[in-house]
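[1] compute the structure for the input listed below.
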Amino acid sequence: MNRFELFKLRYNIRLRKCLLNNMLCILSPRNKIVIRISQNLDKHIVKYQKKA
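    Numbers count the residues shown, from 1 in each chain. Below is the predicted model:
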């Protein structure tokens, strides 16, 4: 995996992490949108850990 792909993964992780943290301040953790973003964040983290 090249540097650009790792950079994209790190960027996506940071973006979703910030989004999730902000949403959790407003919405319930059981909200469908919050759950989706959390699952998506998990996917990106697993992908990053496998590649890095």
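
[2] tell me how many other residues crowd His44.
    19 (other CB atoms under 10 Å). (Each C-beta comes from the backbone N, C-alpha and C, glycine too.)

[3] ok, it to Glu5 distance?
    12 Å (CB to CB, to the nearest Å).

[4] do Tyr11 as well
    11 Å.

[5] for the chain, what's the longest helix?
    Counting residues, the longest helix found in the chain (DSSP state H) is helix 3-26.

[6] grab the nearest non-local neighbour of the residue most central in space within the chain.
    Compute the mean C-alpha point of the chain, and by CA atoms, centre = their mean the closest residue is Leu41, 2.6 Å away. Using CB to CB, 6 or more residues apart in numbering and skipping residues adjacent in sequence, the residue nearest Leu41 is Arg16, 4.3 Å away.

[7] now do Arg10
    Leaving aside its chain neighbours, Arg10 sits nearest to Tyr48 (6.9 Å; criterion: CB to CB, 6+ apart).
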